[in-house]
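> I would like the atomic coordinates for the input below:
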Amino acid sequence: MDGNSWRGGRNGAARSGGWLAGGLAVACLTAACSSGLSDAATSSGTGSIGAPVTTQPTDKFVPSSKVGTKSPLAHQLGLSLVQVEGPIKQFADASETGAKAADLQTFQAVNGSNSSKAVEQMNAFVQRQVGTMFAQDLNPAAQEPVLKNASKKGIGTFSFNMPASMQMTASQYEIGKQLAHGTLDYIARHLDNKAKIVHFNFDYNEAVAPRDRGWREVMKTRPAGVQIVADIPGNPQTQEQGNKLMSSILQKDPSVNVVDGSDTLSLGALAALRAAGRGADPSLALFGVDGDPQAVHEVKSGGPYKATYAFNFAILGSLLSDMSDRWLKGLNIPELVLVPAVKIDSPASIDEYNNSVSDPAAAYKTAGDKYFHLYGSTSYATRGTYFDGKVK
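Reported below is the predicted structural model:
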């Protein structure tokens, strides 16, 4: 599927269609598809109630069985994704599996790192009046106004790293520090504090850029023998781009031996290093963030990929479908989901992680505190209330 198509599914049914003026898709899978409204929908049911808050919620989320005002919008979930590979594919698959179990119709749009297309697709979901929608962050400055408009129209909004009814995020600054400390610790223990580092950054993404500020803060304390050869943006976030960037760096400095950044780019860099005959180099060490399944496999193999700091995207997908269903039923959902990075660098940590990814619906039931922390509370009845601030 390319970035101009939608994928719709419910109980196995799927169609795709081209785009019309205004960004609406041709795909139509239910009688309510043309408007996105359920039979109970009325124009009076979509106003905003409550107001955004800038103070980070700290009260732990307590799910309530009390049913408040129900959304009149259709039982639908629109997914706006940058790409569908690695951990994001795990997220999308788990979201759609959970949605199917809840009889929640899903639509998927992929923008391929095209900011204008992302906004167009998100606006299409708003025009369609889906009951809930999720947006993966790409260009928050352009995407956030669409999410806020969706919230005003009564749509339950969900996102990575952007203000929404339920925002899933992490302390990017702390994750960057965690990555840098792990990299330097390995260099100290195994490479005698001598290394040439390539770091792939997120300077182009306002929401994730604090990760690199944390990484650089720690790297200021690096030993004299540790040299940063490159600290460069990895956009788009694809293995192909990681391969391309690393191949270019190796032409200038073939002795680079440590790489860190996102798993996707680090895996691409590993391919370039192997193509250059460096795959078995004992001084080679790569580290990534995301818990990409290929990265987990590389760590398990005992090769040069030493660790990945994983967000369990599969379980977050199960969380998304569950909370979308709760929102549409008039139940409360958390305003903020803080996602810790779990270091995967040993057989035991790999087995535990893989088991949770293979059956996220089952693992989700007991995943709290390890793979996510839930704070605050909102619902369709208080739909104007959401966290619109910065995570500490």
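
> burial of the residue lying closest to Val339 once chain neighbours are set aside, as a residue count?
Among residues not flanking Val339 along the chain, Ala170 sits closest, at 4.6 Å (CB to CB, 6 or more residues apart in numbering). No exception for glycine: its C-beta is placed from N, CA and C like everyone else's. Neighbourhood size, Ala170 [other CB atoms under 10 Å]: 21.

> kindly report the same for the one 5 residues further on.
Other residues near Ile175 number 21, with proximity taken as other CB under 10 Å.

> is it in contact with Gly288, as I believe?
No: at 11.6 Å, Ile175 does not count as touching Gly288 under the criterion of CB atoms under 8 Å.

> and the pLDDT at the residue nearest to Val339?
Predicted confidence (pLDDT) at Ala170: the value is 90.

> quickly note the distance from it to Asp203.
Using CB to CB, to the nearest Å, Ala170 is found at 18 Å from Asp203.

> do Pro236 as well
14 Å.

> next one: Ser95
Ser95 is 29 Å from Asp203, by CB to CB.

> circling back to that earlier point, can you pull the contacts of the residue nearest to Val339?
Ala170 is in contact with 311, 338-341, 391, counting by CB atoms under 8 Å, 6 or more residues apart in numbering.

> out of these, which comes closest to Pro140?
Using CB to CB, Val391 comes nearest to Pro140 of the contacts of Ala170, at 13.1 Å.

> point me to the helix or strand that includes that closest one.
Counting by DSSP states H and E, no helix or strand carries Val391.

> for the stretch 51-200 of the chain, which segments are assigned as helices?
Secondary structure of the stretch 51-200 of the chain (DSSP state H, counting those that start in this stretch): helices located at 86-101, 115-128, 140-152, 172-190.

> I'd like the ones you listed as a markdown table, with distance to Ser318 appended.
As requested, these are exported to a markdown table (distance: least, CB to CB, whole Å):
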| stretch | distance to Ser318 |
| --- | --- |
| helix 86-101 | 5 |
| helix 115-128 | 21 |
| helix 140-152 | 22 |
| helix 172-190 | 22 |
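
> relative to Lys329, how far out is Ser65?
Going from Ser65 to Lys329 by CB to CB gives 10 Å.

> more neighbours: those two, which one.
Lys329 (15 against 6).

> which residues sit in contact with the more buried one?
By CB under 8 Å, 6+ apart, Lys329 lies in contact with 67, 70.

> with Arg211 instead?
Shown in contact with Arg211 (CB under 8 Å, 6+ apart): 172-173, 175-176, 179, 202, 289.

> and if you look at Gly131?
Neighbouring residues of Gly131 by CB under 8 Å, 6+ apart: 36, 38, 71, 73-77, 155-156, 324, 327-328.

> how close does it get to Ser71?
Using CB to CB, one obtains 5 Å as the distance from Gly131 to Ser71.

> common neighbours of those two, please.
Shared contacts of Gly131 and Ser71 (CB under 8 Å, 6+ apart): 156, 327-328.

> in strands only, show me those.
Gly156 (DSSP state E).

> now the shared contacts of Gly131 and Ser71 as JSON lines including pLDDT?
Listed next are these as JSON lines, based on pLDDT from 0 to 100:
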{"residue": "Gly156", "pLDDT": "98"}
{"residue": "Trp327", "pLDDT": "98"}
{"residue": "Leu328", "pLDDT": "97"}
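
> of the shared contacts of Gly131 and Ser71, closest to Leu319?
Proximity of the shared contacts of Gly131 and Ser71 to Leu319 (CB to CB) peaks at Trp327, which lies at 12.3 Å.

> thought the closest one was touching Ala164?
No: checked against CB under 8 Å, the pair Trp327 and Ala164 is beyond contact range at 11.2 Å.

> burial of Ile232, as a residue count?
For Ile232, the count of nearby residues is 16 (other CB under 10 Å).

> now the contacts of Arg211: which count as buried?
Neighbour-count burial (16 or more other CB atoms under 10 Å) applied to the contacts of Arg211 gives 172-173, 175-176, 179, 202, 289.

> quick one: which of these is nearest to Ala99?
Val289 (27.0 Å).

> just the strands in the stretch 1-150 of the chain please.
For the stretch 1-150 of the chain, the strands defined by DSSP state E, counting those that start in this stretch occupy 6-9, 74-81, 105-110, 130-135.

> likewise the stretch 251-392 of the chain?
Assigned by DSSP E, counting those that start in this stretch, the strands in the stretch 251-392 of the chain fall at 258-262, 285-290, 305-310, 336-338, 342-344, 373-375.

> give me the helices and strands touching the third one, please.
Here strand 305-310 is seen to pack against helix 172-190, helix 263-275, strand 285-290, helix 293-301, strand 342-344 when contacts are counted using 3 or more CB pairs under 8 Å, 6 or more residues apart in numbering; DSSP states H and E.

> who's in contact with that strand?
Outside strand 305-310, the residues within contact range by CB under 8 Å, 6+ apart are 87, 175, 178-179, 182, 186, 263, 266-267, 270, 285-292, 295-296, 298-299, 341-345, 353.

> that strand to helix 263-275, inter-axis angle?
With axes from the mean of the first three to the mean of the last three CA atoms, to 10 degrees defining the directions, strand 305-310 sits at 170 degrees from helix 263-275.

> got any ranges where this protein has weak pLDDT?
Applying pLDDT under 70 to the chain picks out residues 1-48.

> pop the domain breakdown of it in here.
6-169+313-338+362-382, 172-310 (automatic domain parsing).

> any idea how far apart the tips of the last one sit?
With CA to CA, to the nearest Å as the measure, domain 172-310 spans 13 Å from end to end.

> from now on call the first residue 2
In the new count, where the first residue is 2, that last one comes out as domain 173-311.

> ok, Phe201 to Asp360 distance?
For Phe201, the distance to Asp360 (CB to CB) stands at 31 Å.
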